[in-house]
Structures are given as structure tokens and as C-alpha cells.
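A.B. asks: everything below, folded, please.
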Amino acid sequence: MTTDTTPDGDDEQDFESYADLGATTEKALDIAETSMDRVRELVPDETLADRLRQKSVHATGDPEFQHLLRFNGGEPVRAGARAVLDEAPIVTDITMVKAGVTGRGHDCEVRKAIGNGAELAAETGMTRTAASVLELDKQGVYDGAIAVVGNAPTAALALADCIADGTRPAVAVATPVGFVKAAESRTRLREVAAEYGVPAVTNVGRRGGSGLAAGLTNELVHVASDVRDGDVSLTES
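C.D. replies: Presented below is the predicted three-dimensional model:
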């Protein structure tokens with residue numbers, strides 16, 4: 001005998017909220033809810049930025065990570081939610097980040113940069129991810145888009161160069177990870193975002209990664225969903 005564990009009724013709204021975490025049964029939903037309840041005990045729950053801080057802690061399992069996020073270039077959470085509502089494309093650096101972006105709660109095209117710019121990489125010797133970003137930028141893909149970098153520091157550096165040259169993403173989420181150029185790439189992106197008024201979410205230090213970038217992007221989707229439902233306003237107080 002099997003038991004139907006798909007949530008219904010009053011559970012449906014909570015199910016949708018946690019669907020991107022992999023919760024497809026009542027047991028999984030309970031785990032997801034309990035996890036986020038514990039995160040909220042550790043992270044303030046007062047502002048839209050706090051929601052991304054909570055997501056960073058949930059994604060990394062580290063309560064201290066909330067202090068490592070940086071918000072530049074205006075109001076990136078509001079800008080990101082508006083971009084989701086406007087069905088702007090979500091452009092990730094690599095496949096892993098793309099795979100982590102939820103398919104629920106939005107009608108945005110989700111695409112990856114990697115796989116483009118092969119000729120440019122071969123001609124110049126730059127990394128494939130950097131060449132991919134530059135190739136898509138040449139096509140105008142990043143203007144008005146939700147630009148997400150979760151893995152490659154060279155992709156974040158290329159995105160920063162594109163912004164300095166006039167490209168204007170709706171928002172940038174950049175958490176490339178590693179010991180070589182990762183922290184420096186995020187510093188560069190923060191500086192450019194602040195100078196040109198491009199909303200950006202980054203972190204300091206060596207840590208980061210694809211899961212974190214996808215999680216932060218998913219939270220922008222969740223904020224947009226709450227706006228659509230009338231639970232959140234993007235009007236600044």
C-alpha cells in the first residue's frame with residue numbers, strides 16, 4: 001500500500017515556497033521548513049536583504065556567512081525581483097548554476113554562458129568562461145538581464161569589464177569561489193557596480209560557489225513571487 005505524500009490544501013503555498021529546495025513530499029517539506037526556521041533564528045528577518053542573507057546561510061550551512069554578503073549599486077534585491085517580474089533572462093556562467101535555478105515561480109529564460117565564445121578563447125588564450133561572457137555581451141544578452149556568476153572568477157572579471165564598457169544588467173549576482181582571483185574578481189565587480197549604478201550582490205573572502213549563486217537567485221524569484229501575491233511591496237519606505 002502506498003501513501004500519497006504530495007501536499008495539498010493549506011500545505012500547497014508552503015510546498016511552492018520550498019519546491020526549489022527539492023521538497024516534493026510532506027517529509028521533505030517538513031525538513032525544508034524546519035531548516036529555514038532555524039536559519040531565521042540566526043539571521044534577522046526584517047528587510048529584503050535579510051532574505052538573501054538567510055539564503056546564504058541556508059546554502060552554506062554557515063551562520064557567519066550572513067556577514068560576508070555585500071549589496072552594491074542601489075537596491076539589488078528590489079532590482080532583481082523587478083527583473084524577474086519583467087521576465088528578464090537569467091544568464092549563468094556555467095551549467096551547474098543553471099541547473100540550480102528553480103523552474104518555478106517565474107517565466108524567465110534561463111541560459112548559460114559557457115559554450116559560447118570558443119573561437120575567442122582559442123584565439124586569445126583567455127578562459128572559456130571569460131570568452132563566453134564576452135561573446136554573449138557582444139550579442140547584447142546581458143543588458144537588462146539577471147547576470148549570475150557562481151563558479152568562474154574570470155567570468156566575473158569579464159562581466160565587470162562589460163559593465164565598465166557600457167553594459168547594464170538589471171542585477172548581478174556573483175559568488176565565484178576559489179583561491180585564485182575569486183576575491184579579487186568580486187572586489188572588481190563591486191567597484192564597477194558602485195561606479196556605474198548596477199545593482200549587485202557579492203560576497204567577500206574565498207568562499208562562494210554555484211550552489212550559493214543559485215540559491216541567491218532563487219530568493220530573488222521568491223521575492224518576486226511574494227510581490228505578485230501581494231505579500232511584499234517593492235516600493236521603498
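A.B. asks: now the element after the one helix or strand residue 188 maps to, going C-ward?
C.D. replies: Assigned by DSSP states H and E, residue 188 belongs to helix 182-196. Note on helix 182-196: by DSSP H and E, the next helix or strand toward the C-terminus is strand 200-203.
A.B. asks: put the alpha carbons of the helix or strand just after that next one into CSV.
C.D. replies: Sequence-wise, the next helix or strand beyond strand 200-203 is helix 210-228, with elements assigned using DSSP H and E. Extracted in CSV, the C-alpha atoms of helix 210-228 (Å, rounded to 0.1, in the frame of the first residue of the first chain):
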residue,chain,number,x,y,z
SER,A,210,27.5,27.6,-7.7
GLY,A,211,25.0,26.4,-5.0
LEU,A,212,25.2,29.8,-3.3
ALA,A,213,24.7,31.7,-6.5
ALA,A,214,21.7,29.6,-7.5
GLY,A,215,20.3,30.0,-4.0
LEU,A,216,20.5,33.8,-4.0
THR,A,217,19.0,33.9,-7.5
ASN,A,218,16.1,31.7,-6.3
GLU,A,219,15.5,34.0,-3.5
LEU,A,220,15.1,36.9,-6.0
VAL,A,221,12.4,34.7,-7.6
HIS,A,222,10.7,34.1,-4.3
VAL,A,223,10.7,37.8,-3.5
ALA,A,224,9.1,38.4,-7.0
SER,A,225,6.5,35.7,-6.2
ASP,A,226,5.6,37.4,-2.9
VAL,A,227,5.3,40.7,-4.8
ARG,A,228,3.0,39.0,-7.3
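A.B. asks: tell me which other helices or strands helix 210-228 touches.
C.D. replies: Counting contacts by 3 or more C-beta pairs under 8 Å, 6 or more residues apart in numbering; DSSP states H and E, helix 210-228 is packed against helix 48-60, helix 76-85, strand 90-92, helix 95-100, strand 146-149, strand 171-174. To be clear about C-beta, it is placed using only N, CA and C from the backbone, and glycine gets the same treatment.
A.B. asks: what's the angle from that helix to helix 76-85?
C.D. replies: If you take axes from the mean of the first three to the mean of the last three C-alpha atoms, to 10 degrees, helix 210-228 sits at 70 degrees to helix 76-85.
A.B. asks: how far does helix 210-228 sit from its chain's centre?
C.D. replies: Chain-centre distance of helix 210-228: 6 Å, with C-alpha atoms, centre = their mean, to the nearest Å.
A.B. asks: contacting residues around residue 86?
C.D. replies: Residue 86 makes contacts with residue 170, as judged by C-beta atoms under 8 Å, 6 or more residues apart in numbering.
A.B. asks: distance of it relative to residue 199?
C.D. replies: According to C-beta to C-beta, to the nearest Å, residue 86 and residue 199 sit 14 Å apart.
A.B. asks: what do those two both touch?
C.D. replies: By C-beta under 8 Å, 6+ apart, residue 86 and residue 199 have these common neighbours: residue 170.
A.B. asks: may I ask which helix or strand of the chain has the lowest mean pLDDT?
C.D. replies: helix 11-18 (a mean of 44; mean pLDDT, DSSP states H and E).
A.B. asks: quick check: mean pLDDT across the following helix or strand past it?
C.D. replies: Later in the chain than helix 11-18, the nearest helix or strand by DSSP H and E is helix 26-42. The pLDDT scores in helix 26-42 average 74.
A.B. asks: again, but for stretch 216-228
C.D. replies: The average pLDDT within stretch 216-228 is 96.
A.B. asks: repeat that for stretch 187-198.
C.D. replies: Averaging pLDDT along stretch 187-198 gives 97.
A.B. asks: run through who's touching it.
C.D. replies: For stretch 187-198, the external contacting residues (C-beta under 8 Å, 6+ apart) are 70, 72-74, 156-157, 159-160, 163-164, 168-169, 171-172, 174, 199-200, 202, 204.
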